[in-house]
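Peer 1: for reference, the sequence and a predicted model appear below.
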Amino acid sequence: MKIIVTRTYDDMSKEAFRLVKEIVAKKKNACLGLATGSTPLGLYDLLVKDHLDNKTTYKDIKTVNLDEYVGLDKDNINSYAYFMRTNLFDKLDINLSNTFIPNGIASNYEEECNRYNKVLEELIPDIQILGIGSDGHIAFNEPNTPFSSLTHVTSLEESTIKDNSRLFNSIDEVPTKAFTQGIKNIMNAKQIVILASGKNKQNAVYNMIKGNVNESCPASVLQLHPNCIAIIDEDAAKLIM
Ligand code: F6R
């Protein structure tokens with residue numbers, strides 16, 4: 001794993017932007033693996049700015065997202081589908097039919113997971129953007145999820161529900177389950193870029209980089225990926241320096 005420590009969150013976003021832009025500029029029909037959450041917002045702002053300033057086009061770009069809350073439909077303001085549209089897709093010239101995300105309101109979980117695994121067999125990300133949970137989760141693969149897992153429905157840890165409650169009116173509104181790509185799906189990406197910012201990620205970053213490769217820290221699996229870059233701001237990198 002290559003590690004880049006940046007001084008600030010903005011510098012972290014710029015490093016990530018450089019890597020995504022390189023791919024989008026080189027391969028017009030590239031596949032981008034995308035994450036939600038606070039961490040990639042700076043990167044998404046830079047992609048939008050670059051699209052407006054330099055006319056970088058996303059006409060033939062495809063995207064696959066990591067996860068979606070169970071029970072939230074695509075127009076619910078807390079759904080990840082809504083997050084992606086409002087923070088990125090609606091601001092680019094991307095064709096929404098080229099963007100893929102699990103269907104939060106699918107009633108047959110198994111059918112939806114199988115459908116999404118098929119999508120992921122077809123669409124292998126040229127670059128996968130990841131954030132990291134304070135408990136070391138990637139996508140919604142919580143500690144002790146098997147490294148061999150494919151798309152599944154998972155119960156969110158208390159700490160994840162608490163971390164994510166800042167985006168809801170109250171903690172009781174945070175869904176307790178989510179559809180998530182499995183760790184095996186994520187590891188298929190040609191390149192992985194994991195971003196981490198802020199003091200509350202220090203322990204997770206330490207375990208991801210310095211810890212043993214172990215299912216107790218899902219992000220530690222990235223040590224085994226042949227082309228993974230961790231871009232970490234100084235606040236999140238304190239324990240590895
Ligand atoms: C989001 C996702 C999650 C987040 C993680 C960090 O699609 O898969 O794993 O990346 O929970 O969230 P933030 O960036 O909000 O700290």
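Peer 2: Arrived safely, thanks for sending.
Peer 1: ranges for the strands of this structure?
Peer 2: For the chain, the strands defined by DSSP state E occupy 2-6, 31-34, 62-65, 67-69, 99-100, 127-130, 152-155, 177-180, 192-196, 228-233.
Peer 1: establish whether the fifth one and the ligand are in contact.
Peer 2: No - among the residues of strand 99-100, none lie within reach of the ligand under CB under 6 Å from any ligand atom; the closest is 13.3 Å away. All C-beta atoms are positioned from the backbone trio N, CA, C, and that covers glycine.
Peer 1: which positions in the longest helix seen in the chain come out as buried?
Peer 2: Longest helix in the chain, counting residues (DSSP state H): helix 9-26. Residues of helix 9-26 classed as buried: 9, 11-13, 15-17, 19-20, 23-24 (neighbour count, 16 or more other CB atoms under 10 Å).
Peer 1: check stretch 148-167 too.
Peer 2: Along stretch 148-167, these residues count as buried under the neighbour rule (16+ other CB under 10 Å): 149-154, 156-157, 160-161, 163-164.
Peer 1: what residues does the least confident helix or strand in the chain by mean pLDDT touch?
Peer 2: Comparing helices and strands within the chain by mean pLDDT, DSSP states H and E singles out helix 158-164 as the least confident, with a mean of 93. Helix 158-164 has contacts (CB atoms under 8 Å, 6 or more residues apart in numbering) with 133-135, 137, 140, 142, 156, 171, 174, 176, 200.
Peer 1: get me the contact residues on the chain for the ligand.
Peer 2: Counting by CB under 6 Å from any ligand atom, the residues of the chain near the ligand are 35-39, 66-67, 131-133, 137-140.
Peer 1: now, of those, which are buried?
Peer 2: 35-37, 39, 66-67, 131-133, 137-140.
Peer 1: give me the nearest residue to Asn29, chain neighbours excluded.
Peer 2: Closest residue to Asn29 apart from its sequence neighbours, by CB to CB, 6 or more residues apart in numbering: Asp60 at 4.3 Å.
Peer 1: try Lys201
Peer 2: Nearest to Lys201 is Ala236, by CB to CB, 6+ apart, at 4.2 Å.
Peer 1: any idea how far the one you found lies from Ser159?
Peer 2: Ala236 sits 16 Å away from Ser159, going by CB to CB, to the nearest Å.
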